[in-house]
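S.K.: have a look at this prediction, sequence included:
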Number of protein chains: 2
Amino acid sequence: MELALLYSGGKDSTLAALLLDSFYDVTLVTGWFGVTDDWRHAREAAEALGYGFERVELDRGVARKAVDRMHADGYPRHGIQQVHAHALERVAELDVTAVADGTRRDDRVPTVSRAQAQSLEDRHGVDYLSPLSGFGRRAIDRLVERCLEVESGPSGEIKKADYESELRTLLAEHHGPEAVETVFPDHTQTRVRGLKE
Amino acid sequence: MELALLYSGGKDSTLAALLLDSFYDVTLVTGWFGVTDDWRHAREAAEALGYGFERVELDRGVARKAVDRMHADGYPRHGIQQVHAHALERVAELDVTAVADGTRRDDRVPTVSRAQAQSLEDRHGVDYLSPLSGFGRRAIDRLVERCLEVESGPSGEIKKADYESELRTLLAEHHGPEAVETVFPDHTQTRVRGLKE
């Protein structure tokens, strides 16, 4: 069974892939607004892990709206939520049995409610899986420690392909570089380099 | 890492074991109120699947209260919920890194809220995992079809080791056989015989 997993190159979506790959033919899929080349970091991680990779184009208008919302809010939560919902719609259009993401039990954002999940499934005729939604933060940390080679550092420096890189760029373009510092205060990001032996 | 999975011999808890066993040393654990010998059906399934098995004793007072509640309600939901919470507490007392169950996204009962999960984790120093809580009904049906040899039939006849067997017996004992028919109307149950090749 073919499964498309929304993939950032980070530890959560990588762990989601490992949990699913005994049951599905997993392809890692990264959304791209056409703003930066950061999707390549996800492809690199996918290659290091031995998974197939695909890039799907996302609607730049959605990113623009998300960025305006973040700027108005002063924090990224709702904007990220809009972008994630859009990316899931795009992935669900692929010719697969199931789509998945790395959403965790303790995530504040993005979240996918049971109603949203069922709506996505019904409208696209796919199964939606969030294999980490039954795992808490500490369980995930333990699994990452055991399975993955990870590098971590400040959010502006770590080369990932989550929505943040492109959204930061758009935010700076439309609302100035100081908006980026307000909306995305410095935090530690992680990036997966490969599997531990 | 040792993991104790609350196990009934049914398809959900079996699938939960398969999802977790690349990451954990899974032991299947069945609760026992000391009422019937149905826990043996879970041990049989565990043996067929090649997992370690353990029986934990549950408090008969909890079963008695659950049965009274079900009789008063006329349906099993709240009683099952009480019993499941109690069984998870008992399993969390074992010397393991993590405990898990077969709770699914679309289950109405039992459910374990995020707050309950975190409380269980904090009080017992274990991780609580519900690997199927990110899977909908259809995804689970597809995985079962692909992975498991299953037998199904009327709920009174299929030999399982979920709480239902012992609770049915207690219910009949304390409230008469007609109470069993009210609280547990006929439904189809499934039991796992082993893995598909």
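M.R.: Happy to help now that I have it. Numbering: from 1, shown residues only, chains lettered A, B, ... in the order given.

S.K.: show me the shaky parts of chain A.
M.R.: Low-confidence regions of chain A, defined by pLDDT under 70, span residues A:156.

S.K.: is the helix ranked longest in it up against chain B anywhere?
M.R.: Within chain A, and with DSSP state H defining each element, the longest helix by residue count is helix A:77-92. No. Helix A:77-92 stays clear of chain B (CB under 8 Å from any CB of the partner chain), getting no nearer than 13.2 Å. Any C-beta I mention is one placed from the backbone N, CA and C, and that applies to glycine too.

S.K.: now do the strands in chain A.
M.R.: Applying DSSP state E to chain A gives strands spanning A:2-6, A:25-32, A:52-57, A:98-100, A:127-129, A:148-154, A:188-195.

S.K.: if we can go back for a sec, report the angle between the longest helix of chain A and strand A:2-6.
M.R.: Taking axes from the mean of the first three to the mean of the last three CA atoms, to 10 degrees, helix A:77-92 and strand A:2-6 form an angle of 160 degrees between their directions.

S.K.: list the buried residues for helix A:77-92?
M.R.: The neighbour-count criterion (16 or more other CB atoms under 10 Å in any protein chain shown) identifies A:79-84, A:86-92 as the buried residues of helix A:77-92.

S.K.: so which of the strands of chain A gets nearest chain B?
M.R.: Chain B sits nearest to strand A:127-129 of all those, at 3.7 Å, using CB to the nearest CB.

S.K.: just list what the closest one packs against, helices and strands only.
M.R.: For strand A:127-129, the contact count by 3 or more CB pairs under 8 Å, 6 or more residues apart in numbering or on different chains; DSSP states H and E identifies strand A:98-100, helix A:114-124, helix B:137-147 as packing neighbours.

S.K.: now residue A:70: closest residue in space that isn't a chain neighbour?
M.R.: If you skip the residues right next to it in sequence, residue A:70 has residue A:79 as its closest partner in space, 3.8 Å away by CB to CB, 6 or more residues apart in numbering or on different chains.

S.K.: same thing with residue A:58?
M.R.: Closest residue to residue A:58 in three dimensions, ignoring its sequence neighbours and counting by CB to CB, 6+ apart: residue A:31, at 4.4 Å.

S.K.: give me the number of residues near residue A:7?
M.R.: Residue A:7 is flanked by 34 other residues according to other CB atoms under 10 Å in any protein chain shown.

S.K.: and it, how close does it get to residue A:85?
M.R.: In this structure, residue A:7 and residue A:85 are 17 Å apart, going by CB to CB, to the nearest Å.

S.K.: next: residue A:139.
M.R.: For residue A:139, the distance to residue A:85 under the criterion CB to CB works out to 26 Å.

S.K.: repeat for residue A:148
M.R.: The separation that residue A:148 has from residue A:85, given CB to CB, amounts to 27 Å.

S.K.: point out the residues in chain A that sit beside chain B.
M.R.: Contact residues, chain A versus chain B (CB under 8 Å from any CB): A:1, A:18-19, A:22-23, A:97-98, A:103, A:105-106, A:114, A:117-118, A:121, A:127-136, A:138-139, A:142-143, A:146-147.

S.K.: now the buried members of those.
M.R.: Buried members of these, scored by 16+ other CB under 10 Å, are A:18-19, A:23, A:97-98, A:103, A:105, A:117-118, A:121, A:127-136, A:138-139, A:142-143, A:147.

S.K.: before we move on, back to that, hmm, the residue nearest to residue A:70 is touching residue A:72, no?
M.R.: No. Taking contact to mean CB atoms under 8 Å, the distance of 9.1 Å between residue A:79 and residue A:72 leaves them out of contact.

S.K.: the nearest residue to residue A:64 once chain neighbours are set aside - how many residues pack around it?
M.R.: Among residues not flanking residue A:64 along the chain, residue A:170 sits closest, at 6.7 Å (CB to CB, 6+ apart). Each residue near residue A:170 was counted by other CB under 10 Å, and the total is 21.

S.K.: from chain B, how far out is residue A:170?
M.R.: Look at residue A:170 and chain B: by CB to the nearest CB, to the nearest Å, they are 30 Å apart.

S.K.: what's the closest non-adjacent residue to residue A:149?
M.R.: Leaving aside its sequence neighbours, residue A:149 sits nearest to residue A:193 (CB to CB, 6+ apart; 4.4 Å).

S.K.: so how many other residues sit close to the one you found?
M.R.: The burial count assigned to residue A:193 is 15, neighbours taken as other CB under 10 Å.

S.K.: list the residues that contact residue A:8.
M.R.: Residues near residue A:8 by CB atoms under 8 Å, 6 or more residues apart in numbering or on different chains: A:30, A:42, A:102, A:160, A:161, A:162, A:163.
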